[in-house]
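A.B. asks: sequence plus the predicted model coming up.
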Amino acid sequence: MFEVFFCLKLCYFCNMISASKAIVINSLKYGETSLIVTCYTLELGVRRYMVKGVLKAKNRGLKRAYFQPLTQLQLVGYHNTKGNLNTIKEVSVNYHYKSLTTQITKQTLSFFVSDILNNSLKEEEGNTDLFAFITTALQWADLNDEVANFHLLFMLNLTKFLGFYPISNIQNPLYFNLNDGVFTNTIPAYHFIAEGKLKLFLRLLGTKFDTLSEMKLNAGQRHELLSILIKYFELHLEGFKEPKSLLILQSIFS
């Protein structure tokens, strides 16, 4: 009797029902009718959910539209503390985008941002400040027209929460050391930027979302900054890969 009670109690704690706000990072088809959905949740960090039957033509349960990249959800799930996959009991849209999922340029931007988040976020614990940053930034992109440089500032500000935001410790630096994340007047041994690229990087560093429209960049400058940021992420995040949507993004904002 004790063993049965212990197993039931263990099962309860391994599959706890909890509610949380969530951001869809990506979804992958599983079998013919199901999805494995990766979300960043407010309460529990990165979580993966098995959503069965969502691709069925006559599905009457959860809708596939809920699981498009960067959709902001309110969900109730069975969260398994002993395994990777969880299940969703209830879900609703927490914020309805007005243009981020309908305008072609913003759709491309969404796919790129979801790639960045998928490569960057690994922790299975909540971070309220990071969650607030992501949701607020996405809502800003949804409501503003000039978003050609949004992904650049988003990536830069994301480093604040990932632990390698650039340290601005001197005035008029000559170099930025990508390995150490610091500005310096001593030439680094490798992986650094200087001169024109450094000036571009400093311009971005001094920009906020509210003034992003004032940062005028041509396609070449935008590509240079993006290359710097991707290299910066590669150096500081183990396993970070160049986003698959990079070429499409560059063609849209060329």
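C.D. replies: Everything's here; your move.

A.B. asks: check which helix or strand Arg48 maps to.
C.D. replies: In the assignment (DSSP states H and E), Arg48 maps to strand 45-51.

A.B. asks: need the residues that contact the following helix or strand past that strand.
C.D. replies: Per DSSP H and E, the first helix or strand lying C-terminal to strand 45-51 is strand 72-80. With CB atoms under 8 Å, 6 or more residues apart in numbering as the test, strand 72-80 has contacts from 14-24, 39, 41, 44, 47, 49, 66, 86-95, 135, 138. From N, CA and C alone the C-beta is placed, and that goes for glycine too.

A.B. asks: picking up where we left off before, next one: the strand holding Arg48 to chain centre, how far?
C.D. replies: Centroid separation for strand 45-51 versus its chain: 15 Å, with CA atoms, centre = their mean, to the nearest Å.

A.B. asks: show me which of the contacts of strand 72-80 are buried.
C.D. replies: Buried subset of the contacts of strand 72-80 (neighbour count, 16 or more other CB atoms under 10 Å): 15, 20-24, 39, 41, 44, 47, 49, 66, 86, 88, 91, 95, 135, 138.

A.B. asks: the strands in the protein, which residues?
C.D. replies: Taking DSSP state E as the test, the strands found in the chain are 15-30, 34-41, 45-51, 72-80, 85-95, 175-177, 182-184, 192-194.

A.B. asks: closest one to Ile167 among those?
C.D. replies: strand 182-184 (4.7 Å; CB to CB).

A.B. asks: what residues of that closest one count as buried?
C.D. replies: By 16+ other CB under 10 Å, the buried positions in strand 182-184 come out as Val182, Phe183, Thr184.

A.B. asks: same thing with stretch 237-254?
C.D. replies: Here stretch 237-254 shows Leu237, Phe240, Pro243, Ser245, Leu246, Leu249, Gln250, Ile252, Phe253 as buried, counting by 16+ other CB under 10 Å.

A.B. asks: just the CA trace of that stretch, in PDB.
C.D. replies: The C-alpha trace of stretch 237-254 is given here as PDB (Å, rounded to 0.1, in the frame of the first residue of the first chain):
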ATOM      1  CA  LEU A 237      27.300  30.900 -26.700                       C
ATOM      2  CA  GLU A 238      28.300  27.200 -27.000                       C
ATOM      3  CA  GLY A 239      26.600  25.600 -29.900                       C
ATOM      4  CA  PHE A 240      25.200  28.800 -31.400                       C
ATOM      5  CA  LYS A 241      24.700  28.400 -35.100                       C
ATOM      6  CA  GLU A 242      24.200  30.800 -37.900                       C
ATOM      7  CA  PRO A 243      20.400  31.200 -38.300                       C
ATOM      8  CA  LYS A 244      18.900  29.400 -41.200                       C
ATOM      9  CA  SER A 245      16.800  32.400 -42.100                       C
ATOM     10  CA  LEU A 246      19.800  34.700 -42.400                       C
ATOM     11  CA  LEU A 247      20.000  34.800 -46.200                       C
ATOM     12  CA  ILE A 248      16.200  35.500 -46.500                       C
ATOM     13  CA  LEU A 249      16.400  38.300 -44.000                       C
ATOM     14  CA  GLN A 250      19.400  39.900 -45.800                       C
ATOM     15  CA  SER A 251      17.500  39.700 -49.100                       C
ATOM     16  CA  ILE A 252      14.400  41.400 -47.600                       C
ATOM     17  CA  PHE A 253      16.400  44.200 -46.000                       C
ATOM     18  CA  SER A 254      19.000  44.800 -48.700                       C
END
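
A.B. asks: gap between the nearest residue in space to Met16 that is not next to it in sequence and Val113?
C.D. replies: Excluding its sequence neighbours, the residue lying closest to Met16 (CB to CB, 6 or more residues apart in numbering) is His79, at 5.5 Å. Taking CB to CB, to the nearest Å as the measure, His79 falls 25 Å from Val113.

A.B. asks: who has more neighbours, those two?
C.D. replies: Set His79 next to Val113 and count neighbours by other CB atoms under 10 Å: Val113 wins out with 26 against 20.
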